[in-house]
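Q: fold the following and give me the result.
(one chain, ligands or ions: 1)
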Amino acid sequence: MINQLIANIKKTGAPIVVGLDPMLKYIPEHIQKKAFAEFGETLEGAAEAIWQFNKEIVDKTYDLIPAVKPQIAMYEQFGIPGLVAFKKTVDYCKAKGLVVIGDIKRGDIGSTSSAYAVGHIGKVQVGSKTYAPFDEDFVTVNPYLGSDGVNPFIDVCKEEKKGLFILVKTSNPSSGEFQDQMIDGRPLYELVGEKVAQWGEDCMGDEYSYIGAVVGATYPEMGKVLRKVMPKSYILVPGYGAQGGKGKDLVHFFNEDGLGAIVNSSRGIIAAYKQEKYANYGEEAFADASRAAVEDMVADIRGALEAR
Ligand SMILES: O=C(O)c1cc(=O)[nH]c(=O)n1[C@@H]1O[C@H](COP(=O)(O)O)[C@@H](O)[C@H]1O
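A: A predicted model of the protein is given here:
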């Protein structure tokens, strides 16, 4: 899957991911009204609204982008109907040729991690039959339970040719509370980065490992160090746009080959129509505003890379 991700990035020239994090407050009135007319103000109604919203954004952007990252919490909050909308979104995006990064941030003791891995990127056995329940291409993993929490995900990746993005340094304001703690003179996130590089060594695709890392756009200096610590790991970089990250902050997340990083924006793309900059599109044309926001994001990042 890392090979397909890189092929998609090269084809589109866009090292970005659109984060499909559909909260109801971002969904235009006309979509909500239609869904509620059919299903009532129910969990099913909410799930229908987020599915229709996603579908329109994907239809308007898929030719410009290599990948999407649905954040499962935004679906799970609507219970079982929400999870059905998550799965429909995964399948739809894959059918459009997009790589799907399931943002599930799992990680637990070995047997439980194994079940998460099987459910999201692997196959589950039911009697004589096997099923791929969610079937994303990559998932995000929290490594802070240690190797026995991560290894089951790596095992499934090896079997299924899928991939991981492991949290190393997260974008949120209090990420330093634990992640920046010094251990023998080095910050914890750097030690975790080193471990990601080790895990990735025997999981190589053609150019990069399929064991990647997550490093927030909001910490560019740390990104610069981590790029060197994990030279063969792809870095998923969230925090662009709504959290303040800009193209010029991100150049050091990339290797000299122009590869090695993929930048996520969720609210900045899917709720672009709510920003003053794209207000002229109006609510009805929200997905056209998303397309314009994708074009602007790609131009911003490419411009910064070309200027370095
Ligand atoms: O793993 C992630 O994707 C992630 C890691 C991190 O450090 N920070 C972070 O914001 N994210 C996710 O990236 C998305 C960011 O959304 P926006 O701030 O709306 O672009 C959300 O889905 C977060 O859960």
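Q: helices along the stretch 51-200 of the chain, start to end?
A: Secondary structure of the stretch 51-200 of the chain (DSSP state H, counting those that start in this stretch): helices at 73-76, 79-95, 110-121, 147-160, 176-179, 188-201.
Q: could you point out which element follows the last one?
A: Stepping forward along the backbone from helix 188-201, the first helix or strand reached (DSSP states H and E) is strand 209-215.
Q: determine the angle, from 0 to 180 degrees, between that following strand and helix 147-160.
A: 130 degrees (axes from the mean of the first three to the mean of the last three Cα atoms, to 10 degrees).
Q: for strand 209-215, give the mean pLDDT please.
A: Confidence over strand 209-215 (mean pLDDT, whole number) is 98.
Q: for stretch 287-298, the distance to its chain's centre please.
A: Relative to its parent chain, stretch 287-298 has a centroid offset of 17 Å by Cα atoms, centre = their mean, to the nearest Å.
Q: contact partners of that stretch?
A: 13-14, 16, 18, 56-57, 59-61, 64-65, 240-241, 247, 263, 265, 268-270, 272-273, 275, 278, 281 (Cβ atoms under 8 Å, 6 or more residues apart in numbering). Yep, even glycine has a C-beta here, placed from its N, CA and C like the rest.
Q: tell me the bridge partners for the most centrally placed residue in the chain.
A: Geometric centre of the chain, nearest residue: residue 69, 3.5 Å, by Cα atoms, centre = their mean. Beta-bridge pairing for residue 69 (DSSP bridges): residue 19.
Q: tell me the contacts of it?
A: Per Cβ under 8 Å, 6+ apart, neighbours of residue 69: 17, 18, 19, 20, 100, 101, 102, 103, 236, 264, 266.
Q: close to the ligand: what parts of the stretch 51-200 of the chain are there?
A: 71, 103, 140, 170, 171, 172 (Cβ under 6 Å from any ligand atom).
Q: just the ones of the residues you listed in strands?
A: 103, 140 (DSSP state E).
Q: can you pick the most crowded of the residues of the stretch 51-200 of the chain next to the ligand?
A: residue 103 (26 neighbours; other Cβ atoms under 10 Å).
Q: and the closest residue to that one other than its chain neighbours, how far from residue 219?
A: In space, residue 103 comes closest to residue 71 once its chain neighbours are excluded; the distance is 4.3 Å by Cβ to Cβ, 6 or more residues apart in numbering. In this view, residue 71 and residue 219 are 20 Å apart by Cβ to Cβ, to the nearest Å.
Q: buried set for stretch 113-132?
A: For stretch 113-132, burial by neighbour count (16 or more other Cβ atoms under 10 Å) applies to 113, 114, 116, 117, 118, 119, 120, 121, 122, 123.
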